[in-house]
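> Need coordinates for the below:
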Amino acid sequence: MNLKELMMKAKDLANVAYDAKDFENVETKANEVVHTTNTGNGKELIPTDVMLDPMLDLVPNYSKLLPLLPGNHGNDMPISAKVPIVGEANLFAGNAEWTSGDGFSFTPNKNGPATGEVVIVQGQFILDIAVSKRELNYGPAQLESLIRERINRSAARTIDAAILNGDTASTGNVNGAYNANAYFAQTDNGIRKVGIANTVVNVGAMTAKSYLDVVAVLDEGYQSDLANLLIIEPNNVYLKSLAFDEVITVDKFGPQATIQSGVLAKVWNIDKLTARDFPALTADSGLVSETGAQNKKGSFAVIYKPAIQYGFGQPLEIDAFKVPGKGVQLVATMEFGFAIVNKQAGLGKTVGLGANVTL
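Now for the predicted structure:
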């Protein structure tokens, strides 16, 4: 080996020693662990998969309620957004012929539409699922993809449930015991809360007319707008409605009769939605009591669909963190907010609740 070769060999050994020293320094830092979420010390080595598309589209598709509500303000909303409300203008008055005087000297009346606003505040939601490496190794094929799909379904269900049951009150919550981390405590007051604050209809023995009794709670301007009304009820109330004489006969309900389709999609030409997270059993008032024995009646709601305004501050994102030797941590987050326009800008009630339904 000549002198040049010896010098090159010595340089290589020096580089190896230098690299080893650097590695030793990393290993011996006090209170420092190289892990997947430690910025500058491990996080950058782990690929993070943010599932924005096409997963985003699945949330409203899986939701039963959102596709029926026209008040969508889309994605990327601010933390708090004011939505303007414009009421109705007054009816026209008589206009006498101009026979003398200054036709332009009149005192204007307050005939213009009343205005107001609602505020949509974004609620923060999170779902954390850890899957072990062994589970991934021996579980069904595409297990991680299957879990992602289930996360999307859960997000859609959470949104529907929040619009139904939202209530941030620590006492007297319409969902029973208050829990600051529960989905219903992250957003504005939902359909049931607003319905209870309005006039609750004491139903008792339920008939098809019971739906009309709740419709009558709404502002007169909404009662006849059947295409924009929606009945929301739990499954036990829906099953009762299938047995109404008015429902099962073709002569009274035509093609919507259950005798033809087996499914009751409308009553009195009003759309019906069976909601999984609408409480099946409530107290007489329609709220879920913390005293379980008081929850033995049914309830249902009728809403004016355009009254519900909603949007996403942050669409659903699913971050996947690979933990070497352990598995995968899936963290799903979203920010969603809504507000219900009710008795604002000269407008009346947009939500009615029928309660104390005998089951």
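> Isn't residue 127 up against residue 332?
Yes. Counting by Cβ atoms under 8 Å, residue 127 does reach residue 332; the two are 4.4 Å apart. (Glycine included, C-beta is placed from N, CA and C.)
> Find residues that contact each of these two.
Shared contacts of residue 127 and residue 332 (Cβ atoms under 8 Å, 6 or more residues apart in numbering): 151, 154-155.
> More neighbours: residue 127 and residue 332, which one.
residue 332 (21 against 16; other Cβ atoms under 10 Å).
> Let me know the helix or strand that the more buried one is in.
Using DSSP states H and E, residue 332 sits within strand 327-340.
> got a list of what the residue minimising distance to the centre of the chain touches?
Geometric centre of the chain, nearest residue: residue 159, 1.9 Å, by Cα atoms, centre = their mean. Residue 159 is in contact with 59, 63, 65-66, 336, counting by Cβ under 8 Å, 6+ apart.
> Please tell me which one of these counts the most neighbours.
residue 336 leads the contacts of residue 159 on contacts (other Cβ under 10 Å) with 27 neighbours.
> now do the same end-to-end measure for stretch 342-358.
Stretch 342-358 has an end-to-end distance of 28 Å (Cα to Cα, to the nearest Å).
> Which of the contacts of residue 159 fall in strands?
residue 336 (DSSP state E).
> quick check, nearest of the contacts of residue 159 to residue 283?
residue 65 (23.7 Å; Cβ to Cβ).
> which residues are in contact with stretch 340-351?
With contact meaning Cβ under 8 Å, 6+ apart, stretch 340-351 is reached by 85-88, 113-118, 188-191, 194-195, 198-199, 217-222, 301-304, 306-309.
> Among the shared contacts of residue 127 and residue 332, name the ones in helices.
Counted as lying in helices by DSSP state H, out of the shared contacts of residue 127 and residue 332, are 151, 154-155.
> Nearest to residue 286 among the contacts of residue 159?
Of all these, residue 65 has the smallest distance to residue 286: 18.4 Å, by Cβ to Cβ.
> picking that back up, going by distance to residue 319, which of the shared contacts of residue 127 and residue 332 wins?
Ranked by distance to residue 319 (Cβ to Cβ), the shared contacts of residue 127 and residue 332 are led by residue 151 at 11.1 Å.
> Good, we can wrap up now.
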